[in-house]
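following is a predicted model, sequence given first.
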Amino acid sequence: MIAGFVLTLIVLKAFAQEVVPPSTEELTQYLAILAGIGGLKGAALAVAVVQGLMLFFRTPLANFAGKWKLVVVSGLSFVMAFLAIMVTGASWQSALFNGAVLSAFQVFANQAYKQATEKSA
């Protein structure tokens with residue numbers, strides 16, 4: 001019982017983090033990826049695009065997404081996990097059924113379900 005309570009507090013603390021805009025270092029690293037875009041192949045190029053979208057959704061410009069912002073970000077995290085494994089040369093089947101990808105999908109599906117079934121106050 002106490003362990004369950006402690007785990008609940010840890011989860012609440014983890015999800016209560018404030019969203020901060022991307023740092024200059026993160027943007028510099030992303031621009032370095034874009035500078036080498038000529039050498040990127042399919043999945044690596046998709047990873048760069050998804051990373052750019054994830055950085056965008058951390059800015060105030062993405063407030064248009066409203067309550068769906070978390071769903072979009074968790075969906076992008078799912079895609080990013082899948083593509084990151086594809087870049088290593090894995091087949092799409094083994095990438096899709098990888099533990100990290102499946103857990104990212106569970107978070108995305110849960111959040112999408114909660115947002116879709118939430119009654120507006």
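Done, it's in.

report the helix or strand with the lowest average pLDDT across the chain.
Ranking every helix and strand in the chain by mean pLDDT, DSSP states H and E puts helix 2-15 at the bottom, with a mean of 56.

just the element for the spatially most central residue of the chain, please.
Residue closest to the average C-alpha location in the chain (Cα atoms, centre = their mean): S77, at 2.3 Å. Assigned by DSSP states H and E, S77 belongs to helix 69-87.

packing partners of that helix?
Other helices and strands packing on helix 69-87, by 3 or more Cβ pairs under 8 Å, 6 or more residues apart in numbering; DSSP states H and E, are helix 42-56, helix 92-96, helix 99-117. C-beta coordinates here come from the backbone N, C-alpha and C atoms, glycine included.

before we move on, the earlier item: next SSE after the least confident helix or strand of the chain?
Using DSSP H and E, the helix or strand that follows helix 2-15 towards the C-terminus is helix 24-35.

and that following helix with helix 42-56, angle?
150 degrees (axes from the mean of the first three to the mean of the last three Cα atoms, to 10 degrees).

could you pull up the mean pLDDT of helix 24-35?
Here helix 24-35 scores 73 as its mean pLDDT.

contact partners for V101?
F78, A81, F82, I85, A95 (Cβ atoms under 8 Å, 6 or more residues apart in numbering).

out of these, which are buried?
Neighbour-count burial (16 or more other Cβ atoms under 10 Å) applied to these gives F78, A81, F82, I85, A95.

nearest residue to the first one in space, ignoring adjacent ones along the chain?
Closest residue to F78 apart from its sequence neighbours, by Cβ to Cβ, 6 or more residues apart in numbering: A104 at 4.1 Å.

next one: V73
Counting by Cβ to Cβ, 6+ apart, the nearest residue to V73 once its immediate chain neighbours are dropped is F57, at 5.2 Å.
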